[in-house]
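S.K.: sharing a sequence plus its predicted fold:
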Amino acid sequence: MSDSSPLPPARLHPEAELARDALSTPLLSRATRLARWAGPDTRVDAGGGLVDEQLPAAAELLGLSGDDAAAYASEAWRVAVDAGLVEIVDEEAGTVTSGADLALLTGGSPQDVLGVWLTALEAVLADASVPDLDDLVDLVDTGGEIDFSSLDWDPEAEAEFLDGVLGNLYLLTVSEDGPGDGPVPLPALAASMIVPSDMGEPTNDVLEQVSDAMMRLDDQFRVLEPVGLVEYQPVDEALMADAEGAEETAAPVDDTDVSRYGMVRLTPLGLFGLRSRLLESGLDAPAVGDLADKGADALLDGTAVFPQAAAHAETEQWLARREPLAAARELLAAARGLDTGAPLRRLRCQQALSLVGAEAEPALREVLDDPELGGLARVWLTEAGFSGVPAPSEDLVFWLTVDTLAAQLAAEGNSEELRALVEGLAAQHSGFFAAAWRVDHPATADVLEAMGRLHPDKKIAKEARKAAFKARSQQGG
C-alpha cells in the first residue's frame, strides 16, 4: 500500500456495535473470564505466563478440551496481562490482581472497550509474526537464548510483511472496485506483496515465493481470527499434504475452486482496528462521517477525492444534520471560485443538491444571475420540475460545458465515460470549437487540450488542439 496516494474512506459500524463485537470475540472473552477467575492463589512464571500447574484449571474454566486446550488457555492469559486486565503484583512471588482496565469492559464507554481490544490486537499481531514455538525450542543455546542466526526469520521483516498484507487487505476492503464485505482469495493477497505490478507472466521463482507467503499467511490468519480481526477459511489441508499421499487418501477435488487456497475477509471490527493503526502510524485514513460536523467547504473539498458511492454516503450524513434550505445556501456559497479545484467542487455541490428536496428552491433561485452558479441552478430547477426558469444565454451554456468537463477531468481523468461525453459534445455542436476557445473560464485551454487527446477522429482532435492554442494565447499563457 502506497503511503502517498489518498485512501478511500472506510465505512465504519457504530462504536457501540463494534464494542459489542469486541467483547464477543473468542480471545478477549476468554481473557476477560480468566482475569475475573484469577485470585490470591493464581501464580505466574517469570515471563508473566500462567504456571503450567494452573493451565488445566484455566482450560476447564474456558470450556476447552483436547491437545491444544492448555495452549489456548495460555494465549488467553497472555492477552489478559498484555491488555491490562490482569496486573502482576510481585514478579518474584508470581502473584497477580485484577488490572485497572478490567472494569472498563463492563463499566466503560464503547471507546474504552475498543481501547482495550486494540491493546489486545497489538499483542496478537506480535504473536502472529513469531515462528512456531516448537521450532524455537530447538534453537535455544546453552545460555538460554534463542540463536536467531540459525533461524530463517527476521522479526522486523516478518512484522513489516504482515503489516503490508493487512494494509493491502484494508485497501481492498475500502476501495469502491474491491470486494467490499466479500472475502479475498489468499493467493491474491500473497501475490500483492510478491509479484511486481509490471510483471506479465510470473516466473517459477516468483510463484514459489507466493506459495511460501501463502503458507505463512495461513498460519498468521489462524492466529488473528480469534481476536476478531478477520474471518478466515484456511487453506485446504489436502493441498499441504504430500502429493502422492494426497492422491491415495483424498477424494477428488475441484482444482478450479479458489476457496481451497484460503479466503480471508476483514470484519467490521477489523476494519476499525486497522484504520486505528493506520492513523496511529501517521497516515490519513478517512472514514465516512468525518466531515459531517464541518462546513460545506470542507465537505466539497474532502469528497472531491472520494469514490462516488463514498461521496454520496458522506454527503447524506452531512445533510442529515442541517435544515435543507440552509444547507443548500451553504453548499452554493462553498462552490464559488475560479481556482483549479472549483469545477469539481461545483460538481460535488450539484450532486449534493440532488439529495436535497424542494425546500432548497429559494436558494437556487437566489443564484440564477451568478456567473459561476447560474447554470448549475438552472439545471437543478429544471430537473426538479419547477416552472419560471429563465433560459440560459449561449455564453452561460458554453461556460457551464467547460466547467462540467473540467470537473469530470479532475474526478475521472481520461476515462471512457469522459471520452464518450467528448464525442457526443463534438457531434451535437458542429461549431463547438470555433466558439469554445473564447469562453472566459480558467480551464478552457486545458479542457480543449483534453478533448484533442480523447477524441478518436483525427480531424476533430486537431480542431480541438487548435482551439486550445487560441484559448491559451487569449489567456496570455
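M.R.: Yep, that arrived.
S.K.: low-confidence ranges in the stretch 101-250 of the chain?
M.R.: By pLDDT under 70, the low-scoring segments of the stretch 101-250 of the chain are 131-153, 239-250.
S.K.: how about the helices in it?
M.R.: Along the stretch 101-250 of the chain, counting by DSSP state H, counting those that start in this stretch, helices occupy 104-107, 110-128, 133-137, 155-174, 186-194, 204-224, 237-240, 243-249.
S.K.: in JSON lines: the ones you listed, plus distance to residue 414 and mean neighbour count.
M.R.: In short, each C-beta sits where N, CA and C put it, glycine included. JSON lines is the format used below for those (distance: least, C-beta to C-beta, whole Å; neighbours: other C-beta atoms under 10 Å):
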{"stretch": "helix 104-107", "distance to residue 414": "52", "mean neighbour count": "14"}
{"stretch": "helix 110-128", "distance to residue 414": "41", "mean neighbour count": "20"}
{"stretch": "helix 133-137", "distance to residue 414": "52", "mean neighbour count": "10"}
{"stretch": "helix 155-174", "distance to residue 414": "23", "mean neighbour count": "18"}
{"stretch": "helix 186-194", "distance to residue 414": "26", "mean neighbour count": "20"}
{"stretch": "helix 204-224", "distance to residue 414": "31", "mean neighbour count": "17"}
{"stretch": "helix 237-240", "distance to residue 414": "43", "mean neighbour count": "14"}
{"stretch": "helix 243-249", "distance to residue 414": "49", "mean neighbour count": "10"}
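S.K.: let me have those helices in JSON lines, adding distance to residue 311 as columns.
M.R.: Below are the helices of the stretch 101-250 of the chain laid out as JSON lines (distance: least, C-beta to C-beta, whole Å):
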{"stretch": "helix 104-107", "distance to residue 311": "36"}
{"stretch": "helix 110-128", "distance to residue 311": "27"}
{"stretch": "helix 133-137", "distance to residue 311": "48"}
{"stretch": "helix 155-174", "distance to residue 311": "13"}
{"stretch": "helix 186-194", "distance to residue 311": "26"}
{"stretch": "helix 204-224", "distance to residue 311": "32"}
{"stretch": "helix 237-240", "distance to residue 311": "42"}
{"stretch": "helix 243-249", "distance to residue 311": "50"}
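S.K.: among the ones you listed, which comes closest to residue 263?
M.R.: Proximity to residue 263, assessed across the helices of the stretch 101-250 of the chain by C-beta to C-beta, is greatest for helix 186-194 (6.6 Å).
S.K.: quick one: the closest one to helix 155-174, angle?
M.R.: 120 degrees (axes from the mean of the first three to the mean of the last three C-alpha atoms, to 10 degrees).
S.K.: which other helices and strands does helix 186-194 contact?
M.R.: Using 3 or more C-beta pairs under 8 Å, 6 or more residues apart in numbering; DSSP states H and E, the elements in contact with helix 186-194 are helix 155-174, helix 204-224, strand 263-266.
S.K.: looking at these, which is nearest to residue 473?
M.R.: helix 155-174 (43.8 Å).
S.K.: ok, back up a step: among the helices and strands packed on helix 186-194, which is nearest residue 339?
M.R.: Smallest distance to residue 339 across the helices and strands packed on helix 186-194 (C-beta to C-beta): 28.4 Å, for helix 155-174.
S.K.: just list what the closest one packs against, helices and strands only.
M.R.: helix 110-128, helix 186-194, helix 204-224, strand 263-266, helix 268-280.
S.K.: list phi and psi for residue 89.
M.R.: Per-residue torsions, residue 89: phi -80, psi -50 (degrees, to the nearest 10).
S.K.: surely it meets residue 99?
M.R.: No: under the criterion of C-beta atoms under 8 Å, residue 89 is not in contact with residue 99, lying 10.7 Å apart.
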